[in-house]
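Student: sequence first, then the predicted structure, then my questions.
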Amino acid sequence: MAKTSPLFECTACGARYPKPLGKCGECGAFATIEEVKGSLRKDLQRSGYSVSHHNGPIALPDVELSETQRTPTGLDELDRVLGGGVVPGMVVLLGGEPGIGKSTLVLQWAAQVQGTVLYASGEESERQIKLRAQRLGTESPGIHLLAETDVREILAHAERMKPGLLLVDSIQTLFDPEFESSAGSVSQVRGCAQQLARWSKATGTPLVLVGHVTKDGNLAGPKVLEHLVDTVLSFEGDRHHHHRLLRALKNRFGAAFELGVFAMTERGLVPAEGNPFFLDAEPRPGCAATVVLSGTRPMVVEIQALVASAGLGIPRRTALGIDGQRLGMLCAVAERRGGVQLHDRDVYVNVAGGLEVEDPTADLAVIAALVSSATGRILQPKCLFMGEVGLTGEVRPVSQLPLRLQEGSRLGFSAAAAPRMGFEGSSPLELHLERSVERIRMKPWLREVLEQEPA
């Protein structure tokens, strides 16, 4: 019998090698390549997506379609992120930092299900989950708890109970006895996830997998874990803050990058009321409001800027909530095209509320806040600033401008500085249509210095 050659695998990304190496050539991680022991038969099986009801290929026009029935979860913000509800056989991967509220969210979800729910936990005992359920007021008789880490046992109980929802917390704690590697390894995570997903697709049972994240905030485990699920949800936020953000990084049944906003209370997670990222305060230098889009959700956020003298001679550029390199570019544009001296001054920019903004629509708001802080002049009250700014100073068009203007009007704004290019139709707000940031000191939305600085 021929001797089987050893196989080595990176525990960070799943790349395979014929010999051990100190550094993974795929992800660059050090000391993560370990020998794979046990059978690879299950690991190489087809995934749940290859399940077909036909014996061979079928012509595209002959594929039968049926109306997809979505089942609401009972949590409005979660339904928004999922695309309207849960689809039969849907596989959801929920990731987030420890203590952010993942177990709280899935327990509240389970309490809203009309029917049987199997909650398989490899991290907590039944007593711990019971205590959380009592605190949240979610002691539903339909929730059945199972403290188990053997994926075969979980599937056996699920096959017998036929639940309406299967929750697994977490996928990194499961193991298959056929593999000799420990729980949490690439082979175990991939093999267990494929078995659970295949069962979910075959039975039409929605499946929720809770996953760990690395120190960089990425989902732990092989990248194939994100590929084999239908929806990847990221639960974000600071444990010391009141709000939590649920973001859809991938969704086969809805819009990607959709955002749900929750408030963490003593009774669990509740939908956030109003606009949690904008505080309607008195006009002051260095503050500008804009509307950003996350998926299809418009949100008004406040950009705060502080321009101060560089004490050490080397100016600093500090950005919280926006990309630091983009801030450096906007500072250069504001100085070169707008005539505002910033090269010898410290610049600090912050997005109020702790939100991470990637929408380039906030460029004009950043420049407006910088000019306001540098000159000590306030901006027009109740005015929004929307527009992407290029290196030549031009204000470029933004997507879905009417939707952003409607959101601003709903929250009581009366004016908006927006790109002149690409604008058509009427607006519910008074518009300052801008072509560029040239002669920025002469803009109509830049007002005089405050008569008296606030105490």
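Tutor: In hand now; what should we look at?
Student: for residue 184, the count of nearby residues, please.
Tutor: 17 (other Cβ atoms under 10 Å). For glycine as for every other residue, the C-beta is placed from the backbone atoms N, C-alpha and C.
Student: that one contacts residue 190, correct?
Tutor: No. When contacts are counted by Cβ atoms under 8 Å, residue 184 is not listed as touching residue 190 (11.3 Å).
Student: which residues are in contact with each of these two?
Tutor: Counting by Cβ atoms under 8 Å, 6 or more residues apart in numbering, the residues touching both residue 184 and residue 190 are residue 221.
Student: mind listing the helices for this protein?
Tutor: Using DSSP state H, the helices of the chain run over 76-82, 102-111, 126-136, 151-161, 186-203, 224-228, 324-336, 363-375, 401-410.
Student: can you say which of those helices is packed in most?
Tutor: helix 363-375 (a mean of 26; mean count of other Cβ atoms under 10 Å).
Student: angle of it against helix 324-336?
Tutor: Going by axes from the mean of the first three to the mean of the last three Cα atoms, to 10 degrees, helix 363-375 is angled at 60 degrees with respect to helix 324-336.
Student: so which of the helices of the chain is nearest residue 293?
Tutor: Residue 293 lies closest, by Cβ to Cβ, to one member of the helices of the chain: helix 401-410, at 7.2 Å.
Student: now find how far off-centre that closest one is within its chain.
Tutor: Between the centre of helix 401-410 and the centre of its chain there are 23 Å (Cα atoms, centre = their mean, to the nearest Å).
Student: again, but for stretch 426-440
Tutor: The chain centroid and the centroid of stretch 426-440 are separated by 31 Å under Cα atoms, centre = their mean.
Student: tell me the mean pLDDT over that stretch?
Tutor: In this model, stretch 426-440 has an average pLDDT of 87.
Student: can you give me the end-to-end distance of that stretch?
Tutor: Using Cα to Cα, to the nearest Å, one end of stretch 426-440 lies 25 Å from the other.
Student: neighbouring contacts of it?
Tutor: With contact meaning Cβ under 8 Å, 6+ apart, stretch 426-440 is reached by 333-334, 337-340, 364, 367, 371, 383-384, 387, 389, 392-395, 402, 405-406, 408-409, 413-421, 423, 443-446.
Student: show me how to select, in ChimeraX, the buried members of the residues you listed.
Tutor: In ChimeraX syntax, the buried subset of those is picked out as below (16 or more other Cβ atoms under 10 Å):
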select :333,334,337,338,340,364,367,371,383,384,387,389,393,394,395,405,406,408,413,415,416,417,418,419,443,445,446
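Student: now, the contacts of stretch 426-440 that are in strands?
Tutor: 383-384, 389, 395, 415-419, 446 (DSSP state E).
Student: in a markdown table, list the helices of the chain along with mean pLDDT and distance to residue 295.
Tutor: Formatted as a markdown table, these follow (pLDDT from 0 to 100; distance: least, Cβ to Cβ, whole Å):
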| stretch | mean pLDDT | distance to residue 295 |
| --- | --- | --- |
| helix 76-82 | 93 | 8 |
| helix 102-111 | 94 | 18 |
| helix 126-136 | 94 | 27 |
| helix 151-161 | 95 | 32 |
| helix 186-203 | 91 | 25 |
| helix 224-228 | 88 | 18 |
| helix 324-336 | 94 | 21 |
| helix 363-375 | 94 | 20 |
| helix 401-410 | 91 | 12 |
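Student: distance to residue 296 added to these, as JSON lines?
Tutor: Output for the helices of the chain, formatted as JSON lines (distance: least, Cβ to Cβ, whole Å):
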{"stretch": "helix 76-82", "distance to residue 296": "9"}
{"stretch": "helix 102-111", "distance to residue 296": "21"}
{"stretch": "helix 126-136", "distance to residue 296": "29"}
{"stretch": "helix 151-161", "distance to residue 296": "34"}
{"stretch": "helix 186-203", "distance to residue 296": "27"}
{"stretch": "helix 224-228", "distance to residue 296": "22"}
{"stretch": "helix 324-336", "distance to residue 296": "24"}
{"stretch": "helix 363-375", "distance to residue 296": "21"}
{"stretch": "helix 401-410", "distance to residue 296": "8"}
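Student: ok, which of these comes nearest residue 65?
Tutor: Among the helices of the chain, helix 186-203 sits nearest to residue 65 (Cβ to Cβ), with 16.9 Å.
Student: and the residue minimising distance to the centre of the chain, bridged to which residues?
Tutor: The centroid of the chain falls nearest to residue 247 when counting by Cα atoms, centre = their mean (3.1 Å). In this entry, residue 247 is beta-bridged to residue 234, residue 259, by DSSP bridges.
Student: swap in residue 270?
Tutor: residue 263.
Student: any idea how far residue 137 is from it?
Tutor: 12 Å (Cβ to Cβ, to the nearest Å).
Student: quick one, which of the two is more surrounded?
Tutor: Legend: neighbour count by other Cβ under 10 Å for residue 270 and residue 137, higher for residue 270 (14 against 11).
Student: isn't residue 395 right up against residue 388?
Tutor: Yes. If you go by Cβ under 8 Å, residue 395 and residue 388 touch, sitting 7.3 Å apart.
Student: any common contacting residues for these two?
Tutor: In terms of Cβ under 8 Å, 6+ apart, residue 395 and residue 388 are both contacted by the residues 364, 419.
Student: and the closest residue to residue 13 other than its chain neighbours, how many neighbours?
Tutor: Distance criterion Cβ to Cβ, 6 or more residues apart in numbering; nearest residue to residue 13, sequence neighbours excluded, is residue 27 at 4.0 Å. Residue 27: 13 surrounding residues under other Cβ under 10 Å.
Student: residue 27 and residue 251, how far apart?
Tutor: In terms of Cβ to Cβ, residue 27 sits 25 Å off from residue 251.
Student: now residue 357
Tutor: From residue 357 to residue 251 the distance is 21 Å (Cβ to Cβ).
Student: please apply the same query to residue 23.
Tutor: 34 Å.
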